[in-house]
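> sharing a model that was predicted from the sequence below.
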Amino acid sequence: MSGDDFSESLEGIYHIQGRDFVDAGIVSSEVKKSLQGKGISESIIRRIAVITFEAEINIISYAEQGTIQLFIEPDAVIIEANDAGPGIADIDLALQEGYSTADDSIRELGFGAGMGLCNIKKFSDIFELTSLVGQGTYLRSIVKLNG
Amino acid sequence: MLNARVIVGEDKLDIEITTAFGADLMSDVLSFARSGCLLITGLSNPQAVRTAYALDISAILVCRGKSLTDKFIEIARELGIPILWTRFIMFESCGRLFQEGLTGCIRKTDGTEEKTIVR
């Protein structure tokens, strides 16, 4: 699954291996580093780092593998997360704060409390989530650069 | 006050921190903590350091005497996050720091009773 074509503004592609808990969060750190020095405000970079962190944790927690792509448009930063995972049967339920299917290995990381998708939505200006059970999940978050 | 040890960041002992956030759940930190604060946590894994880095948190105080892995210390050094360590439990750590003038980086999650908003 994929969304609109932003390929010309692609800043980075990050491949994520499912269940690789030791390095969980490294993509968020790398994305943050790559956005610094580009004239993007620190508060916007923090929002993108949070969105990426939670998307990365979701892929590691539930999918075999996935990718996070970062695009920098003139007026927005776009974060796309694609995974080959089990999918989400009920998206409305998954978006309810506190709803979680996480196991202990995720909770030991300090996550898995049913806040990840809510946090992504909270820090996004535009948030899209689509999923096919048995195939995977596609998430797109847009953070506008000017307001 | 906390008999804290400086594990990482001996060169940053002069930074001024006036606010703090205490939690073991990193999703709560990502949701509510503000840049420049002290993160008080009992979670001593790489994800705590990366959470602090994502939010420009000034330093981490690891409480409850949690053991620190080489990986945790290595990532803190790499990302420039100072690490303090104390055997005091989180309640005692927070209480002692509050008594010395540190305040919450937010007061309530609904944004009321805010004094200053950094983000």
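Noted; the coordinates are in hand. Residues are numbered from 1 along each chain as shown, chains lettered A, B, ... in the order given.
> can you map out the helices along the chain?
Using chain A here. A:26-35, A:42-62, A:91-94, A:104-107, A:116-123 (DSSP state H).
> um, chain B though
For chain B, helices defined by DSSP H occupy the ranges B:26-32, B:46-54, B:70-79, B:90-99.
> tell me if the second one is near chain A.
Yes. With Cβ under 8 Å from any Cβ of the partner chain as the threshold, helix B:46-54 lies in contact with chain A, specifically through B:46-48, B:50-51, B:53-54. Quick note: C-beta positions are derived from backbone N, CA and C, even for glycine.
> just the buried ones from these, in ChimeraX syntax?
This is the ChimeraX syntax for the buried subset of the residues of helix B:46-54 next to chain A, where burial follows 16 or more other Cβ atoms under 10 Å in any protein chain shown:
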select /B:46,47,48,50,51,53,54
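> re earlier: chain B is nearest to which of the helices of chain A?
Judged by Cβ to the nearest Cβ, the one of the helices of chain A that comes nearest to chain B is helix A:42-62, at 3.6 Å.
> and B:T112, what pLDDT?
On pLDDT, B:T112 comes in at 79.
> count of neighbours near the residue lying closest to A:L129 once chain neighbours are set aside?
In space, and not counting its chain neighbours, A:L129 is closest to A:L139: 5.1 Å by Cβ to Cβ, 6 or more residues apart in numbering or on different chains. Neighbours of A:L139 under the rule other Cβ atoms under 10 Å in any protein chain shown: 28.
> which residues does A:L139 contact?
A:55, A:58, A:79-82, A:120, A:127-129 (Cβ atoms under 8 Å, 6 or more residues apart in numbering or on different chains).
> try it again at 7 Å.
Shown in contact with A:L139 (Cβ atoms under 7 Å, 6 or more residues apart in numbering or on different chains): A:55, A:81, A:120, A:129.
> can you lay out these as CSV showing pLDDT and neighbour count?
CSV is the format used below for those (pLDDT from 0 to 100; neighbours: other Cβ atoms under 10 Å in any protein chain shown):
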residue, pLDDT, neighbour count
A:A55, 98, 29
A:A81, 98, 26
A:I120, 98, 24
A:L129, 98, 17
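> tell me the pLDDT of the residue most central in space within chain B.
Nearest to the geometric centre of chain B sits B:L39, at 1.5 Å (Cα atoms, centre = their mean). At B:L39, the model reports a pLDDT of 98.
> what's across from it in the sheet?
B:F21, B:I60 (DSSP bridges).
> A:G116 against A:I57, yeah?
Yes. A:G116 is within contact range of A:I57, at 5.9 Å (criterion: Cβ atoms under 7 Å).
> more neighbours: which of the two?
Of the pair A:G116 and A:I57, A:I57 is the one with more neighbours under other Cβ under 10 Å, namely 28 against 25.
> not counting sequence-adjacent ones, nearest residue to that one?
Closest residue to A:I57 in three dimensions, ignoring its sequence neighbours and counting by Cβ to Cβ, 6+ apart: A:F111, at 4.9 Å.
> which of the residues in the lowest-mean-pLDDT helix or strand in chain A are buried?
Within chain A, judged by mean pLDDT, DSSP states H and E, the helix or strand with the poorest mean is helix A:104-107; its value is a mean of 94. Going by neighbour count (16+ other Cβ under 10 Å), the buried part of helix A:104-107 is A:I106.
> do stretch B:63-71 as well
B:63-64, B:66, B:68.
> for those, which one is nearest chain A?
Nearest to chain A, judged by Cβ to the nearest Cβ, of the buried residues of stretch B:63-71 is B:K66 at 12.2 Å.
> sounds good, over and out.
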